[in-house]
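Trainee: one predicted model, sequence on top.
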Amino acid sequence: MRVHLQRDVDRLKARVLALSAEVESDVRSAVRAVEERDESLARRVIEGETRMNAMEVDVEEECLKILALHQPVAADLRYIIAVLKINHDLERIGDLAVHVAERALFLCKEPPLGVPFRLGEMADKAQLMLKKVLDAFVGMDATAARAVCMADREIDEMNRDVFRQVKKAVEQTPSRFEALLQVLHIARHLERIADHATNIAEDLIYLVEGRIVRHTDEVADNRPASDNTRTPSP
């Protein structure tokens, strides 16, 4: 029975890693679509949503099958529980990449704003957090996961900066309100991607150490008081 369980866990791990690679690629492509005003790239990200959703369902079904057939305990059970939660966050990150791509499509049809928003810096930071947490998941590295949690506050501050910049730009050029609103949405989506990367980091710490660090002093200082990252954004 142990051999069969390990075989199924290995297959599950391969599926999670494949989903992780797809999500990371979609986030990277969506950001490029915004930066390069690339309509075809944005459409590719949007059209890939169905595939991404199917991969997420496959991972969940594999987890449920392992729970039903093998009734794992201890470390094996902890792994399945962590993967179920990480799978949800990966799916949400994929959705957010699609949202960014949709905003990119709108902006492609608009004249360039010519305002030095911190979107590029935010995008780089969010992508780096995602890459680091996925690398940490592959290596089962709780120390690297903690570093991702620590980076979340910086993204939150960047998001507030973008809000202030957009507000000022709207006051100066109200005719560009719709385009500026898209910038605000993109910043929010990037901030949410970082939040979900932090969720994955917290779940990885649980997986490696068996300790739930969410809502504890260990990570509380890195989250805004009103944070509710597991509730999907509209």
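Mentor: Everything's here; your move.

Trainee: drop to CA atoms for contacts and neighbour counts, all remaining ones
Mentor: Noted.

Trainee: could you point out which residue ranges in this structure have low pLDDT?
Mentor: The model of the chain has pLDDT under 70 over residues 1, 115-116, 215, 217-234.

Trainee: ranges for the helices of it?
Mentor: 2-36, 39-47, 49-70, 74-108, 119-139, 142-172, 177-209, 217-220 (DSSP state H).

Trainee: okay, the ones you listed, which one's buried deepest?
Mentor: Most buried of those, by mean neighbour count (mean count of other CA atoms under 10 Å): helix 177-209, with a mean of 24.

Trainee: let me know the angle separating that helix from helix 74-108.
Mentor: Orientation of helix 177-209 against helix 74-108 (axes from the mean of the first three to the mean of the last three CA atoms, to 10 degrees) gives an angle of 170 degrees.

Trainee: tally of neighbours for V73?
Mentor: 11 (other CA atoms under 10 Å).

Trainee: how far away is it from H4?
Mentor: Look at V73 and H4: by CA to CA, to the nearest Å, they are 15 Å apart.

Trainee: and for R146?
Mentor: 33 Å.

Trainee: what residues are up against the spatially closest residue to D58 that is not a sequence neighbour?
Mentor: Leaving aside its sequence neighbours, D58 sits nearest to R15 (CA to CA, 6 or more residues apart in numbering; 7.9 Å). Contacts here follow CA atoms under 8 Å, 6 or more residues apart in numbering; on that basis R15 touches M55, D58, V59.

Trainee: nearest to S20, of the residues you listed?
Mentor: If you rank the contacts of R15 by distance to S20 using CA to CA, M55 comes first, at 10.0 Å.

Trainee: list the contacts of that closest one.
Mentor: Taking CA under 8 Å, 6+ apart as the test, what M55 contacts is R15, L19.
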